[in-house]
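Q: below: sequence and its predicted model.
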Amino acid sequence: MSPEDWPEGYGRRILPDVDSTMLEAARVAPGLSGPEWIMALQQTAARGRRGRAWAMPPGNFAATLALPVGTDAAQAALRSFSAALALHDAFSDATGRPDGFALKWPNDVLLHGGKVAGILLETLPGGWLSIGIGVNLAAAPARDELQPGALPPVALLAETGLRIAPEAFLTLLARAFAGWEARLRAEGFAPVRAEWLRRAARLGQEITARTGSRELTGRFESIDASGCLILATPTTRHTIAAAEVFF
C-alpha cells in the first residue's frame, strides 16, 4: 500500500516492542496535537477487558488509537461501534469475503463464529480516548484460559488462508476508522447504529448477558440510541449498558 492510503490528519507510530499500546497511548496523549495510531510488533504487558491478560503470538496485531473526543463519556463510548465497523471493513478489504465476519456486542469481531478481534476503550485525561484493538492475524491464543461459555479464539490466517502484515492491516483499519469517525461526527450515531445492526451477530436470537450482579437470557432485539443492548425476556425488555454476552 502506498503512503497515500493513510488517512489525512492521523498520526502513525510503529514500535518494535512496548509494554502495552494502551499504556503508551496514555503516556503520549498529552503531547499530541491530533489523533494518532500506536502499533507494536510485540507487547509484554497487554490486557483485555476486566484486566484480563491479552496474549499476542508473533505476527498478530496490537494497536491503540489516541483520539481527542471531548469530555462527553456517552459520546466517547460510541467509538466502540465505529471501531467495530472499521475492523469489519478492514477484514472485508483484506480478504474480499465479508460474509464470514460478524460484530458481537459490545466490542468483539467474530470470524466463522470464533473471536478474531477485540476492542477496549479507556478514557484519558484532557478529553482523550484510547481505543485498543487486538487482532489474531497469524495465530489464535491458547484456549485453556477461556471463561465458561466464551467463544473460542480464531486466527485470520487459519480461517481464510490470508497472511497479512500488521503494518498493512493498520493502514486498512486506520482508513476505515477515519471514514466512520467522520460520519459519526457529521451525522451522529444513527447511521453507525444502523450499519452495526446490519452486521451484528445473533440479532433476533437468544443470548445471555452477564453483568456483575445478574445473568439474563432473552432475545437480542436491538441496540438503542446510546448503544445499550436491548434484551427481550418473556416478562419485559431490558436495557443493558454493560455486560458480557454469551451465545
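A: Sure thing, it's come through. Numbering: from 1, shown residues only.

Q: show me where the protein has strands.
A: With DSSP state E as the criterion, the chain has strands at 11-15, 36-40, 61-68, 101-104, 108-111, 114-124, 128-135, 206-210, 215-223, 229-232, 237-240, 244-246.

Q: residues contacting Arg143?
A: Pro152, Pro153 (CB atoms under 8 Å, 6 or more residues apart in numbering). For glycine as for every other residue, the C-beta is placed from the backbone atoms N, C-alpha and C.

Q: any idea how far it is from Ala201?
A: 19 Å (CB to CB, to the nearest Å).

Q: what do you get for Trp105?
A: 8 Å.

Q: these two: which is more packed in?
A: A side-by-side neighbour count of Trp105 and Ala201, using other CB atoms under 10 Å, places Trp105 first with 26 against 19.

Q: spatially central residue for the chain, please.
A: Ile119 (2.9 Å; CA atoms, centre = their mean).

Q: now that residue: closest residue in space that isn't a chain neighbour?
A: Asn107 (4.0 Å; CB to CB, 6 or more residues apart in numbering).

Q: just to check, that neighbour is in contact with Ser82?
A: No. Here Asn107 lies out of contact with Ser82, judged by CB atoms under 8 Å, at a distance of 11.3 Å.

Q: what angle sits between the longest helix belonging to the chain and strand 61-68?
A: Identified as the longest helix of the chain according to DSSP state H is helix 166-187. With axes from the mean of the first three to the mean of the last three CA atoms, to 10 degrees defining the directions, helix 166-187 sits at 30 degrees from strand 61-68.

Q: counting by contacts, list what helix 166-187 packs against.
A: Under the contact definition 3 or more CB pairs under 8 Å, 6 or more residues apart in numbering; DSSP states H and E, helix 166-187 sits against strand 11-15, strand 36-40, strand 61-68, helix 79-95, helix 189-198.

Q: can you give me how far the longest one is from the chain middle?
A: In other words, helix 79-95. 8 Å (CA atoms, centre = their mean, to the nearest Å).

Q: give me the buried positions along that helix.
A: Applying a neighbour-count criterion of 16 or more other CB atoms under 10 Å, one finds 79-92, 94-95 buried in helix 79-95.

Q: helices and strands around that helix, which ones?
A: strand 101-104, strand 108-111, strand 114-124, strand 128-135, helix 156-160, helix 166-187, helix 189-198.

Q: pull the CA atoms of that helix into CSV?
A: Extracted in CSV, the C-alpha atoms of helix 79-95 (Å, rounded to 0.1, in the frame of the first residue of the first chain):
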residue,chain,number,x,y,z
ARG,A,79,-16.5,4.8,19.3
SER,A,80,-16.7,1.1,20.2
PHE,A,81,-19.2,0.7,17.4
SER,A,82,-17.3,2.7,14.8
ALA,A,83,-14.2,0.8,15.7
ALA,A,84,-16.0,-2.5,15.2
LEU,A,85,-17.3,-1.3,11.8
ALA,A,86,-13.8,-0.2,10.8
LEU,A,87,-12.5,-3.7,11.8
HIS,A,88,-15.2,-5.4,9.7
ASP,A,89,-14.3,-3.1,6.8
ALA,A,90,-10.6,-3.8,7.1
PHE,A,91,-11.2,-7.6,7.2
SER,A,92,-13.5,-7.3,4.2
ASP,A,93,-11.0,-5.3,2.2
ALA,A,94,-8.2,-7.7,3.1
THR,A,95,-10.0,-10.9,2.4
